[in-house]
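Starting from these lines, generate the structure:
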Amino acid sequence: MWQEIIATVFFIGRFRYAPGTVGTLAGVPLVYVFAVKWWLVLMVAVILYLLGVWASNYVIEMRKEKDPEDIVIDEVVGYFLSYAFVEPTLKTLLVGFLTFRLLDIVKPYPISLFEKLPNGHGVMADDVVAGIMNSFLLFFLFH
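Okay, the predicted model is just below:
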């Protein structure tokens, strides 16, 4: 039960339309609270990544699906990592949201490589890499 709550971010992932986009929005409060220092972003992201892998593994095994659509903890972690090097302002939150979603949907190289990892790591790692790439993009756009 806890694994489903974590994987779907309190069932936000079960939103009928665009669950990945809604899941990304769920990361906004996390950014406001914790994206104050790069090391804090990294520490929280590592904890959430490990929780996400654990929860995703459970849901994948339970449903026998490779990457269930309602798992959105990966979007939350990826979007959160986007703010390792920039201050969350209305402008950076909006631009970061749009660029992260674009990276997450298109999955350019090397993001596409990471979704091939097994189980929960495959679910989580591609979004983590998208978030890291987005953090550099935002840094260059706003610094």
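
ok, now how distant is the residue lying closest to N57 once chain neighbours are set aside from Y109?
In space, and not counting its chain neighbours, N57 is closest to G120: 4.1 Å by C-beta to C-beta, 6 or more residues apart in numbering. Every residue, glycine included, has its C-beta placed from N, CA and C. Here the criterion is C-beta to C-beta, to the nearest Å. By it, G120 lies 22 Å from Y109.

before we move on, what SS does I71 have?
Going by DSSP: H, G, I helix; E, B strand; the rest coil, the secondary structure assigned to I71 is coil.

and the gap between it and W54?
Counting by C-beta to C-beta - I71 and W54 are separated by 12 Å.

Settle it for me: which of these two has more neighbours?
I71 (27 against 15; other C-beta atoms under 10 Å).

Just to check, that one is in contact with G13?
Yes: in terms of C-beta atoms under 8 Å, I71 counts as a neighbour of G13; the distance is 6.0 Å.

Identify the contacts common to these two.
A7 (C-beta atoms under 8 Å, 6 or more residues apart in numbering).

pLDDT averaged over the lengthiest helix in the chain - what is it?
Counting residues, the longest helix found in the chain (DSSP state H) is helix 38-63. Confidence over helix 38-63 (mean pLDDT, whole number) is 97.

Helices of this structure, start to end?
Going by DSSP H, the chain shows helices at 2-7, 19-25, 27-34, 38-63, 73-81, 90-106, 111-114, 119-142.

can you list contacts of the fifth one?
Applying C-beta under 8 Å, 6+ apart, the set of residues contacting helix 73-81 from outside is 6-9, 20, 23-24, 26-28, 30-31, 34-35, 41, 44-45, 48-49, 51-52, 55-56, 96-97, 100, 104, 123-124, 126-128, 130-132, 134-135.

ok, now the third one?
Around helix 27-34, the neighbours that count as contacts under C-beta under 8 Å, 6+ apart are 40-41, 44, 75-80, 82-83, 88, 93, 97.
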